[in-house]
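**Student:** structure for this input, please:
(one chain, ligands or ions: 1)
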Amino acid sequence: MSRILFWLALVFLVIFAVRAKIREAQKRHQQQFRQPPPAAPAQPSGYRPRSAANDAEVMLQCAHCGVFYPASETVRANGRDYCSAAHAALPSA
Ligand SMILES: [Zn+2]
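**Tutor:** Numbers count the residues shown, from 1 in each chain. Here you go, the predicted model:
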């Protein structure tokens, strides 16, 4: 009989320990998400956060193949814009 009591007590102790661990982990998890985000560092006046709209680049259309490409990659030849040097070298139709 005392053996059964010993094993019962052991089982309850293990269950209690596991539940305490789980509760502790949940508390830690909740604290992580409750903490407010760190304050943003002071920005110089006139600073605007970059957005996708600010980063948008002008697109040009190739005079040869009609593909749109960023204006910074343009190859100018004969007063026309091309997507690549290869298309600029081709005789225009
Ligand atoms: Zn092209």
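**Student:** the closest residue in space to residue 70 that isn't next to it in sequence: how many residues sit nearby?
**Tutor:** Distances taken as C-beta to C-beta, 6 or more residues apart in numbering put residue 57 closest to residue 70, at 4.7 Å, once the chain neighbours are dropped. (C-beta placed from N, C-alpha, C; glycine too.) Residues lying near residue 57 (other C-beta atoms under 10 Å) number 10.
**Student:** give the contact list for residue 68.
**Tutor:** In this structure, residue 68 makes contact with 59, 60, 61, 62, judged by C-beta atoms under 8 Å, 6 or more residues apart in numbering.
**Student:** again, 7 Å this time
**Tutor:** 59, 60, 61 (C-beta atoms under 7 Å, 6 or more residues apart in numbering).
**Student:** out of those, who's near the ion?
**Tutor:** When C-beta under 5 Å from the ion is applied, no member of the contacts of residue 68 is adjacent to the ion.
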